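Chemist: dropping a prediction and its sequence here:
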Amino acid sequence: MSHPVLFVIDDDPGVMRAMRDDLGRRFGEDFQVTGASSAAAGLATLRELADEHVTVAVLIVDHKMCEMPGVEFLARAHSMHPQAKRVLLVERDYSARSPVIQALTLGQADYHISKPWMLEQDLYRGVSEFLAEWAKNRSAAFELFHVIGRLDGRSTNELRELLTRFNVPFHFDSADSAQGRRLLEQKGLTATHLPVMIRHDDYTMVDPTPAQIVEAVGGSTRNDIDKCDVVIVGAGPAGLTAAVYAASEGLETVVLEEAVSGGQAGSSPMIRNYPGFPYGISGHELTRRACEQAWIFGAHMVFSQPVVSLETVGDEHIVRTADGHQIAARTVIVAPGIAWRRLGVHRLEALVGSGVFYGAASCETQAMEERDVFVVGAGNSAGQTALHLAQRARHVTMVVRGDSLARSMSDYLIREIEVTPNLAVRLNTEVTDGHGIEHLDALTLRDVLQDRMEQVPAAALFILIGGEPRTQWLPTVQTDHGYILTGRDVVRDSVTGAGWPLDRAPLPLETSMPGVFAIGDARYRSLKRVASAVGDGATAVRLAHEYLAAQTGAHAG
Ligand SMILES: Cc1cc2nc3c(=O)[nH]c(=O)nc-3n(C[C@H](O)[C@H](O)[C@H](O)COP(=O)(O)OP(=O)(O)OC[C@H]3O[C@@H](n4cnc5c(N)ncnc54)[C@H](O)[C@@H]3O)c2cc1C
């Protein structure tokens, strides 16, 4: 079988040869390194490779070819080799006008290499990273589980999602396929109870619960500790960071998570604004690493275990879990996040990060120059996002299901929207579908009054339809619309009148229950970003130390 290909194209033959030779020296043993110096020749070579079923791992394409722009070549090449990682070769230009910015944001390229390149720093390290990402999408040589189910079955999909979030290699067979039927038969099972999960050691489960799945992959679902220094509720970015800091600083730490680690961030295919990852990182990968880090520092990680109540008894905080167990902690850090309302359109969910974005536009705005973009939502955040985008985009359309903005948006924003020439509002309209393979190309809109569908070209869609903090289980702390008040807000913005029980002022991030801290998205006035949740997590541990030191001092005194 032929080696996979690293393909280089630049219409300057000297540059193409230099890149090909440099790559050949490092990767030549495992990959065929090949190149072309014209778009026509390049496309012909790639067509031949596709016809011969030779895999292309990486496409490195000069951005400024005379015959054809690099992004267009990438699009054509990628349609023949959809698994290949797409790399733009560009002149070194760190200005905001660099073509890389638009190509990456719109999902037209995955990475870039600047020319001239430095071998060890730019080229070899970069290409190794691209190849590692490429290898992730290839089927694993060893599969820990076999899953047999129905593609459209809800519990089958939940099972597949859980295994994916735990980074467990598995093979899926439909119950209707020959292989699926054969496996069921071997186990003496029928397709009436699905999904079936078979571990590599033959251990078989029929329609397993989330807790059984977590245990089968080696996770812990039961807390066997009665007392600890700190309990952290929730294993999203905020809770995981608190766990890393608390455990690494010697606090006995227990993390209780309702589902599996990752939180909302874990469902984001691509987080582009987290510092240190210029090409973005999948939320799953980022939070998986943080979870492993917390565990390596000694945190007890308990999954599939919702916390149902919290109360303070003397100096201790009693945390109860859904299985009836309880744990006494000296301090508690609450990080339950919010449940963002999702649009629930399958094809759009698959394009999150590649033209479809939940939340306000920030790093993406620049790339919207001369594009037609859409915003779903009718609240202030949707209005602000639309206005912000209108400064760059050719045209912005707000898609609003109701018949007016006035019910949900501040008047000043409505007036600004009305006078912005390239911003339109489509009332009584909803987004029902999305189109595009690598990135969003078009949307289907439905006029709810006329029940009429229309397909419109769209380079990006921003979804801002609100979220709800997951704090219903926490009636013992002060909240505002469910968001937990902390620090000065506990005494200043008290809406419940429950008050603050101590003479000292609450610490920043401390809730109305002394010694209980709230972090991340569920905190009142939080920024709803991964980096800010992470910042909260680290800060809360510092404050927890302060609280514990004062408690110890009070006892000693
Ligand atoms: C699709 C999507 C894409 C996003 N993209 C970006 C992006 O690109 N950049 C960015 O900065 N931000 C992004 N965000 C926002 C970002 O993910 C959140 O700001 C961040 O995850 C908040 O972290 P958190 O830890 O506070 O809460 P969460 O991530 O919501 O985690 C909370 C955790 O607590 C658990 N939990 C809740 N209640 C309980 C309970 N009672 N007991 C035990 N556990 C409980 C939940 O199961 C969850 O795992 C995105 C969000 C979504 C939904």
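Modeler: Alright, I've got the coordinates.
Chemist: got the residues of the stretch 351-500 of the chain near the ligand?
Modeler: Residues of the stretch 351-500 of the chain lying close to the ligand by C-beta under 6 Å from any ligand atom are V352, Y358, G359, R470, W473. In short, each C-beta sits where N, CA and C put it, glycine included.
Chemist: up against the ligand, what does the stretch 201-350 of the chain have?
Modeler: Within reach of the ligand by C-beta under 6 Å from any ligand atom, the stretch 201-350 of the chain has these residues: 233-239, 256-259, 263-265, 267-268, 271-273, 306-307, 335-338, 340.
Chemist: spatially nearest residue to the residue of the stretch 101-250 of the chain with the smallest separation from the ligand (excluding sequence neighbours)?
Modeler: Nearest residue of the stretch 101-250 of the chain to the ligand: G236, at 2.0 Å (C-beta to the nearest ligand atom). Excluding the flanking residues, the one nearest G236 by C-beta to C-beta, 6 or more residues apart in numbering is G263, at 2.2 Å.
Chemist: list the contacts for the one you found?
Modeler: Applying C-beta atoms under 8 Å, 6 or more residues apart in numbering, we find G263 in contact with G234, A235, G236, P237, A238, G239, T287, G337, G520.
Chemist: quick one: residues contacting the last one.
Modeler: Think G520. Neighbouring residues of G520 by C-beta under 8 Å, 6+ apart: 234, 236-239, 263, 335-337, 526, 532-533, 536-537.
Chemist: quick check, pLDDT for it.
Modeler: Looking at G520, its pLDDT reads 98.
Chemist: okay, now Y94: neighbour count?
Modeler: Other residues near Y94 come to 7 when the count uses other C-beta atoms under 10 Å.
Chemist: quick check: the gap between the closest residue to A458 other than its chain neighbours and the ligand.
Modeler: Nearest in space to A458, with sequence neighbours left out and distances taken as C-beta to C-beta, 6+ apart, is L443 at 4.6 Å. In this view, L443 and the ligand are 17 Å apart by C-beta to the nearest ligand atom, to the nearest Å.
Chemist: show me what contacts L443?
Modeler: F374, V431, D433, G434, H435, Q455, V456, A458, L461.
Chemist: now, which of the contacts of G520 sits nearest M368?
Modeler: Taking C-beta to C-beta as the measure, M368 sits nearest to S532 out of the contacts of G520, at 23.4 Å.
Chemist: confirm the closest one sits in a strand?
Modeler: No: per DSSP: H, G, I helix; E, B strand; the rest coil, S532 lies outside any strand segment and is helix.
Chemist: grab the nearest non-local neighbour of it.
Modeler: The shortest distance from S532 to any non-neighbouring residue, by C-beta to C-beta, 6+ apart, is to S526 (6.5 Å).
Chemist: before we move on, what about E249?
Modeler: In space, E249 is closest to V541, 6.5 Å off (C-beta to C-beta, 6+ apart).
Chemist: swap in Y203?
Modeler: In space, and not counting its chain neighbours, Y203 is closest to A216: 7.2 Å by C-beta to C-beta, 6+ apart.
Chemist: check S114 too.
Modeler: Nearest one to S114, counting by C-beta to C-beta, 6+ apart, is R92 at 4.3 Å.
Chemist: residues in contact with that neighbour?
Modeler: Contacts of R92 (C-beta under 8 Å, 6+ apart): S114, K115, P116.
Chemist: does the first one count as helix, strand or coil?
Modeler: It refers to S114. Strictly by three-state DSSP, S114 counts as strand.
Chemist: report the buried residues of stretch 74-91.
Modeler: Buried residues in stretch 74-91, counted by 16 or more other C-beta atoms under 10 Å: 74-75, 77-78, 80-81, 84-90.
Chemist: now it: mean pLDDT?
Modeler: What stretch 74-91 shows for mean pLDDT is 94.
Chemist: before we move on, what about stretch 377-396?
Modeler: For stretch 377-396, mean pLDDT rounds to 89.
Chemist: how far away is D12 from L89?
Modeler: For D12, the distance to L89 equals 10 Å [C-beta to C-beta, to the nearest Å].
Chemist: mind listing what the residue lying closest to G466 once chain neighbours are set aside touches?
Modeler: Leaving aside its chain neighbours, G466 sits nearest to R341 (5.3 Å; criterion: C-beta to C-beta, 6+ apart). By C-beta under 8 Å, 6+ apart, R341 lies in contact with I465, G466, G467, E468.
Chemist: out of those residues, flag the one nearest to the ligand.
Modeler: Nearest member of these to the ligand, counting by C-beta to the nearest ligand atom, is G467, at 8.1 Å.
Chemist: all helices for the stretch 201-350 of the chain, in order.
Modeler: 210-216, 237-248, 283-296, 346-349 (DSSP state H, counting those that start in this stretch).
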